[in-house]
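Trainee: Output the structure for:
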Amino acid sequence: MILVHSRRSRDPRGRLRSLLTPGDVALIIVLLLASGGSIVVLRAALAAGEYCVIFAGDEEFGRFPLSKDRTVHVPGPLGTTDVVIRQGSVRVVDSPCPHRVCVSMGEKRRSGETVACVPNRVLVLVCSRRGSGVDAITR
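Mentor: Residues are numbered from 1 along each chain as shown. Predicted coordinates:
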């Protein structure tokens, strides 16, 4: 019986190293840096919000400046959604929806950002008079 000793590494990292060339690694690094840089540029390009528009169902519930702190109680089919405007930002703090995704969305302060409570049909849109750089928003 003849035993043949394989030179192949059984280590998965060694296999990966043998598949990637230095050019592949350089390309991956460049793509990661470019995508991270584009996120920074896009966030900086968004104008700071000046007011928010709150929709209840298909109707506009109200427009509120982000410069004045307040709590807005927005009625919906499931109950009342509480929206807090504080220190130039807006967020949903309480809602009767089952998964409460809208509550976990956090504060929004840049023009074009939104918070949506889909089950309770409440939408909060941050706006600016200078525009957000967004071409269109569909409903």
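
Trainee: who touches the nearest residue to residue 66 once chain neighbours are set aside in this structure?
Mentor: Closest residue in space to residue 66, ignoring its immediate chain neighbours: residue 88 at 4.9 Å, by C-beta to C-beta, 6 or more residues apart in numbering. Just so you know, the C-beta spots here come from the backbone N, C-alpha and C atoms, and that holds for glycine as well. Residues in contact with residue 88 (C-beta atoms under 8 Å, 6 or more residues apart in numbering) are 48-49, 66-67, 109.

Trainee: So, low pLDDT: which residues of this protein?
Mentor: Across the chain, the ranges flagged by pLDDT under 70 are 1-17, 42-46, 130-139.

Trainee: And it, what are its domain boundaries?
Mentor: Following automatic domain parsing, the chain resolves into domains at 12-45, 51-127.

Trainee: Just say which of those is most tucked in.
Mentor: Counting by mean count of other C-beta atoms under 10 Å, domain 51-127 has the highest mean neighbour count of those, with a mean of 17.

Trainee: any idea what residue 119 is structurally, helix, strand or coil?
Mentor: State at residue 119, reduced to three classes by DSSP: H, G, I helix; E, B strand; the rest coil: coil.

Trainee: if you skip the residues just before and after it, what's nearest to it?
Mentor: Setting aside the residues directly before and after it, residue 119 is nearest to residue 97 in space (C-beta to C-beta, 6+ apart), at 4.0 Å.

Trainee: In contact with that neighbour, which residues?
Mentor: Applying C-beta under 8 Å, 6+ apart to residue 97 gives the contacts 78, 81, 117-120.

Trainee: So it versus residue 117, what's the distance?
Mentor: Per C-beta to C-beta, to the nearest Å, residue 97 is found 5 Å from residue 117.
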